[in-house]
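1. Quick one: sequence and predicted model below, then my questions.
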Amino acid sequence: MARYIPAPFARLCEQFERLPGIGHKTAMRLAYHVMLMPEAEANKLATSITDAHRELHYCSVCCNLTDKDPCFICSDQSRDRSVICVVESFKDVSVIEETREYSGMYHVLHGVLSPMRGVLPDHLTINHLVARIRKGNVKEVIMATNVTVEGETTASYIAKVIKPLGVRVTRLATGLPAGGNIEYSDEVTLARAIVSRMDM
Ligand SMILES: [Zn+2]
């Protein structure tokens, strides 16, 4: 960064620039905004980041991000434990929850298979999912990975691994646009995709 920009400001910009979707100009704008905040506000922002990192961890059952173990959803006794919906990210859980069309359990993969980027089955929570299914009681696994090449590859791979365990494997696809992220679909489309899921 230019020499006339003070180093601490440049460091702040650099951190913002590492965030997804933030370019150099936006990073500068955010850093400038933070500098205009009263110090107490800026401290609140900084501590909420460190607190979230310290207090959140993966649920030991579904791998969702949580501050309690098991998470809110896994501890809800009214939910259907015979169905597991497999999603890429914890953000997808809240999107599906908002449709109010699903009352089963979840399993968060924290990524998708991508041999090109070096993401292999062991890097995701697939083994943990297999162990959950092996415990019994699971009748159906809904693959709700994104409708992208990597999302499809991941769904097919997992289906191949878990079908021999005797579970029904279905895929959320109808109505979802190709290349579409679950995260960005509207509630009605996503609700329809859950209801009209197909066997894999
Ligand atoms: Zn959980």
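-> Good, I have the coordinates. Numbering: from 1, shown residues only.
2. Going by C-alpha atoms from here, please, whenever you check contacts or count neighbours.
-> OK.
3. Pass me the low-pLDDT residue ranges in the chain, would you?
-> For the chain, the stretches with pLDDT under 70 are 1, 173-180, 188.
4. tell me the strands in this structure, going along the chain?
-> Per DSSP state E, the chain carries strands over the ranges 57-58, 65-66, 80-87, 104-108, 140-143, 168-171, 198-199.
5. Now distance to the ion too, for those, in TSV please.
-> Below are the strands of the chain laid out as TSV (distance: least, Cα to the ion, whole Å):
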stretch	distance to the ion
strand 57-58	8
strand 65-66	8
strand 80-87	11
strand 104-108	7
strand 140-143	15
strand 168-171	20
strand 198-199	25
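6. Reformat the ones you listed into TSV and put distance to residue 192 and mean neighbour count next to each item.
-> Shown next, in TSV, are the strands of the chain (distance: least, Cα to Cα, whole Å; neighbours: other Cα atoms under 10 Å):
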stretch	distance to residue 192	mean neighbour count
strand 57-58	29	16
strand 65-66	26	19
strand 80-87	15	21
strand 104-108	16	24
strand 140-143	14	25
strand 168-171	12	21
strand 198-199	12	14
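7. closest one to residue 50 among those strands?
-> strand 57-58 (12.9 Å; Cα to Cα).
8. Grab the longest helix from this structure for me.
-> For the chain, the helix that runs over the most residues, judged by DSSP state H, is helix 39-55.
9. Distance from the chain centre to it, please.
-> Taking Cα atoms, centre = their mean, to the nearest Å, one finds helix 39-55 lying 22 Å from the centre of the chain it belongs to.
10. Equivalent analysis for stretch 103-116, please.
-> Between the centre of stretch 103-116 and the centre of its chain there are 7 Å (Cα atoms, centre = their mean).
11. for stretch 70-83, same thing?
-> The chain centroid and the centroid of stretch 70-83 are separated by 18 Å under Cα atoms, centre = their mean.
12. now swap in stretch 125-132 and tell me
-> Using Cα atoms, centre = their mean, the offset of stretch 125-132 from its chain centre is 16 Å.
13. do the same with stretch 157-168
-> 21 Å.
14. in it, what counts as buried?
-> Residues of stretch 157-168 classed as buried: 158-159, 162, 167-168 (neighbour count, 16 or more other Cα atoms under 10 Å).
15. what does that stretch contact?
-> With contacts defined as Cα atoms under 8 Å, 6 or more residues apart in numbering, stretch 157-168 is touched by 126, 130, 133-134, 138-141, 169, 199-200.
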